[in-house]
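Asker: curious how this folds, go ahead:
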Amino acid sequence: MLKRVLIVLIALALVGAGAFWLVTMPRPLTAADLPDHQPDLENGRYMFFAGGCASCHATPGGDDPFHLGGGLELKSPFGSFYAPNISPDPEDGIGGWSTLDFVNAMQKGLSPDLENYYPSFPYTSYQRMRPQDVIDLKGFLDTLDPVTGSVPDHALPFPFNIRRTLGGWKLLFLDGKQFEPDPALSDEINRGGYLVTGPGHCAECHTPRDMLGGLERSQWLVGGPNPEGEGRVPGIAAADLDDWSQGDLAYALESGFTPTFDSLGGSMAAVIRNTSQLTAEDRNAIAAYLKSAQAQEALR
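Answerer: Okay, the predicted model is just below:
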């Protein structure tokens with residue numbers, strides 16, 4: 001009898017292990033999934049600022065946004081993450097990556113050897129981007145100077161240090177859908193929605209997360225606890241911006257000044273360094289989207 005019970009338990013364990021292995025399998029894009037597109041380096045540079053790449057990946061303590069040696073520590077309830085080197089260095093950066101490797105990283109959260117990336121790298125937002133914009137970004141990054149030097153490994157306790165489990169997390173929070181404009185909304189609001197939900201990845205900080213670290217989409221952009229443990233990230237949903245006009249928002253994204261002549265500080269200072277590089281039309285589009293309650297409901 002005991003022997004039979006052990007056999008059943010072993011069989012169940014094997015079935016469970018097999019199911020876990022299948023559920024967490026990487027699901028990369030293939031070359032056939034990519035559009036036939038030659039990189040537009042000017043647009044790639046624009047996407048660099050729209051996505052705020054320097055805010056995390058520029059070498060800490062430097063003043064060159066294109067010196068992408070990484071190393072910034074990102075604290076979270078799950079442990080500390082360190083932003084990687086994304087310069088064209090072939091050893092320490094991404095100089096050896098193909099375009100397909102880069103698109104899989106940005107939109108599938110997968111390394112070239114198909115290991116899962118942690119969502120501290122906001123691929124749940126970057127999946128909304130047009131593949132052409134991602135390809136353009138890769139083309140621009142390839143023109144920058146290589147930076148030597150690796151960064152520390154992530155400091156995560158068990159079980160968060162098991163990357164394979166992220167395959168299951170992705171089934172819950174990575175749907176693979178690109179941004180779809182809403183024909184009921186204006187072109188300006190749709191453009192702002194694309195920039196906010198895709199390259200700008202605003203929701204990654206301004207939307208609360210559940211216990212698994214996924215965005216609570218029912219509370220889109222309403223703010224939430226600071227992941228680093230101090231204070232609160234403010235809401236930027238329409239209801240939180242009643243005292244701001246669209247012009248106020250657009251001006252703040254350019255200058256960093258609020259309607260009361262205060263200045264945006266903390267991590268928003270880095271955001272403004274990026275949004276100030278966007279066109280006035282795109283800053284107005286972002287403001288139009290944030291001020292539109294209809295858009296925020298329709299474009300979640």
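
Asker: pLDDT weak spots in this protein?
Answerer: Along the chain, the parts satisfying pLDDT under 70 run over 1-26, 228-229, 293-300.

Asker: ok, now which ones touch the one residue sitting closest to the centre of it?
Answerer: A centroid search over the chain (Cα atoms, centre = their mean) returns residue 122, at 2.1 Å, as the residue closest to the centre. Residues near residue 122 by Cβ atoms under 8 Å, 6 or more residues apart in numbering: 201, 204. In this view, the C-beta of every residue, glycine as well, is placed from N, C-alpha and C.

Asker: and the gap between it and residue 275?
Answerer: 16 Å (Cβ to Cβ, to the nearest Å).

Asker: before we move on, what about residue 284?
Answerer: Residue 284 sits 11 Å away from residue 275, taking Cβ to Cβ as the criterion.

Asker: the residue lying closest to residue 221 once chain neighbours are set aside: neighbouring residues, count only.
Answerer: In space, residue 221 comes closest to residue 237 once its chain neighbours are excluded; the distance is 4.3 Å by Cβ to Cβ, 6 or more residues apart in numbering. Using other Cβ atoms under 10 Å, residue 237 has 18 other residues around it.

Asker: over to residue 77?
Answerer: 12.

Asker: measure it to residue 156 for me?
Answerer: Relative to residue 156, residue 77 is positioned 11 Å away (Cβ to Cβ).

Asker: residue 282 now?
Answerer: In terms of Cβ to Cβ, residue 282 sits 36 Å off from residue 156.

Asker: between these two, which has more neighbouring residues?
Answerer: residue 282 (21 against 16).

Asker: which other residues reach whichever strand or helix holds that one?
Answerer: Here residue 282 sits within helix 280-291, counting by DSSP states H and E. The set of residues external to helix 280-291 that reach it, using Cβ under 8 Å, 6+ apart, is 50, 186, 188-189, 191-193, 195-196, 200, 221, 236-238, 241, 244-250, 253-254, 275, 278, 295-296, 299.

Asker: let's see 6 Å
Answerer: With Cβ atoms under 6 Å, 6 or more residues apart in numbering as the test, helix 280-291 has contacts from 188-189, 191-193, 195-196, 236, 238, 246, 249-250, 253-254, 295.

Asker: just the buried members of those?
Answerer: For the contacts of helix 280-291, a neighbour count by 16 or more other Cβ atoms under 10 Å gives the buried set as 188-189, 191-193, 195-196, 236, 238, 246, 249-250, 253-254, 295.

Asker: in helices, which of those residues fall?
Answerer: Among the buried ones among the contacts of helix 280-291, the residues falling in helices (DSSP state H) are 188-189, 191-193, 195-196, 246, 249-250, 253-254, 295.

Asker: ok, so of these, who is nearest residue 136?
Answerer: Distance to residue 136, by Cβ to Cβ, is smallest for residue 195 among those, at 14.7 Å.

Asker: tell me how far residue 99 lies from residue 36.
Answerer: 12 Å.

Asker: and residue 263, by the same measure?
Answerer: In this view, residue 263 and residue 36 are 45 Å apart by Cβ to Cβ.

Asker: out of those two, which sits in the busier spot?
Answerer: Using other Cβ under 10 Å as the criterion, residue 263 and residue 36 rank with residue 263 on top: 12 against 5.

Asker: now do the contacts for the more buried one.
Answerer: Residue 263 sits next to 256-257 when contact means Cβ under 6 Å, 6+ apart.

Asker: ramachandran angles for it?
Answerer: phi -120, psi 140 (degrees, to the nearest 10).

Asker: can you give me the strands in the stretch 201-300 of the chain?
Answerer: Ranges of strands within the stretch 201-300 of the chain are 224-225, 232-233, based on DSSP state E, counting those that start in this stretch.

Asker: can you list the ones you listed in CSV and add distance to residue 168 and mean neighbour count?
Answerer: Below are the strands of the stretch 201-300 of the chain laid out as CSV (distance: least, Cβ to Cβ, whole Å; neighbours: other Cβ atoms under 10 Å):
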stretch, distance to residue 168, mean neighbour count
strand 224-225, 23, 16
strand 232-233, 27, 15
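
Asker: out of those, which is closest to residue 114?
Answerer: Between residue 114 and those, the tightest spacing by Cβ to Cβ is seen for strand 224-225, at 31.7 Å.
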